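*Asks:* Fold the stuff below for me.
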Amino acid sequence: MKVIFRLLLAFMSVAFLFKEIPAQMSHDKEKLQVSVKELRNAPTEIVLDGKSLSASANLWRDFMPGPPGNRPLRASLKVTTSDKTAFPSGVRMERAWILFGEQIWEVPDFRFRGKRISDNKEIWIMCSVSTGCEISTAEGPEWSPGVLVDVVMRLIDKEGKHHLIQAKQQKIEATS
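*Replies:* Take a look at the predicted model:
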């Protein structure tokens with residue numbers, strides 16, 4: 001019995017080691033994976049550079065008259081300073097997740113992909129020196145208007161650290 005117990009303990013410690021190693025070996029911060037539990041537990045307020053930040057979202061599906069076709073979810077995602085002072089410098093909104101029950105719409109990254117006069121490369125959209133950072137996205141799922149979703153955004157500060165912030169119970173509206 002003692003032999004079986006010792007083998008079981010040895011197996012459990014080895015299994016725990018294997019579970020921890022991949023997380024420590026991951027060096028690609030841009031593709032950092034986040035669990036559903038982490039998303040659900042993201043705070044609704046964070047502090048960066050001494051500034052208190054909160055998140056909000058405007059979500060809608062466009063049912064205005066027009067050509068037939070799908071009417072995907074659109075989102076305007078915003079993080080603002082609580083005291084209405086300038087947003088912390090060097091912060092960018094990197095990724096977002098919109099959670100509806102067990103379904104998740106992941107918006108993989110926020111980069112400017114168009115051409116600028118001076119160059120033709122991808123550029124991260126940096127949050128400005130205004131009181132907030134706002135990004136719009138489209139082509140989401142076709143969840144019904146009136147449902148409530150949770151929106152989680154990942155910010156990256158000037159040191160490259162990732163911060164999750166959440167806007168809970170956001171209603172999907174319909175335009176018509």
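*Asks:* measure residue 156 to residue 176 for me?
*Replies:* 37 Å (C-beta to C-beta, to the nearest Å). Just so you know, the C-beta spots here come from the backbone N, C-alpha and C atoms, and that holds for glycine as well.
*Asks:* More neighbours: which of these two?
*Replies:* Ranked by neighbour count (other C-beta atoms under 10 Å), residue 156 and residue 176 place residue 156 first, with 21 against 8.
*Asks:* Tell me the pLDDT of that one.
*Replies:* According to the prediction, residue 156 has pLDDT 91.
*Asks:* residues contacting it?
*Replies:* Applying C-beta atoms under 8 Å, 6 or more residues apart in numbering, we find residue 156 in contact with 91-92, 94, 162-163.
*Asks:* Likewise for residue 167?
*Replies:* Contacts of residue 167 were listed using C-beta under 8 Å, 6+ apart, and they are 44, 54-57, 150-151, 153.
*Asks:* Next: residue 62.
*Replies:* Taking C-beta under 8 Å, 6+ apart, we find residue 62 in contact with 71, 74, 175.
*Asks:* one step back: now, of the contacts of residue 167, which are buried?
*Replies:* When those are checked for burial by 16 or more other C-beta atoms under 10 Å, the buried set is 54-55, 57, 150-151, 153.
*Asks:* what is the rounded mean pLDDT of the one helix or strand residue 93 maps to?
*Replies:* Take DSSP states H and E as the rule and residue 93 turns out to sit in strand 92-100. The average pLDDT for strand 92-100 rounds to 92.
*Asks:* Show me what it is in contact with.
*Replies:* For strand 92-100, contacts defined as C-beta under 8 Å, 6+ apart pick out 30, 34, 36, 39-40, 57, 59, 73, 75, 77, 79, 104-110, 124-127, 133, 135, 137, 140-141, 143, 147, 149-156, 162.
*Asks:* buried residues in the helix or strand just after it?
*Replies:* Beyond strand 92-100 in the direction of the C-terminus, DSSP H and E gives the next helix or strand as strand 103-107. Residues of strand 103-107 classed as buried: 105, 107 (neighbour count, 16+ other C-beta under 10 Å).
*Asks:* what's the first-to-last distance across stretch 65-72?
*Replies:* Taking C-alpha to C-alpha, to the nearest Å, stretch 65-72 runs 14 Å from one end to the other.
*Asks:* can you check stretch 140-157 too?
*Replies:* End-to-end distance of stretch 140-157: 27 Å, with C-alpha to C-alpha as the criterion.
*Asks:* What's the separation between the nearest residue to residue 87 once chain neighbours are set aside and residue 153?
*Replies:* Nearest residue to residue 87, sequence neighbours excluded (C-beta to C-beta, 6 or more residues apart in numbering): residue 127, at 5.1 Å. Distance of residue 127 to residue 153, computed by C-beta to C-beta: 11 Å.
*Asks:* Perfect, I'm done here.
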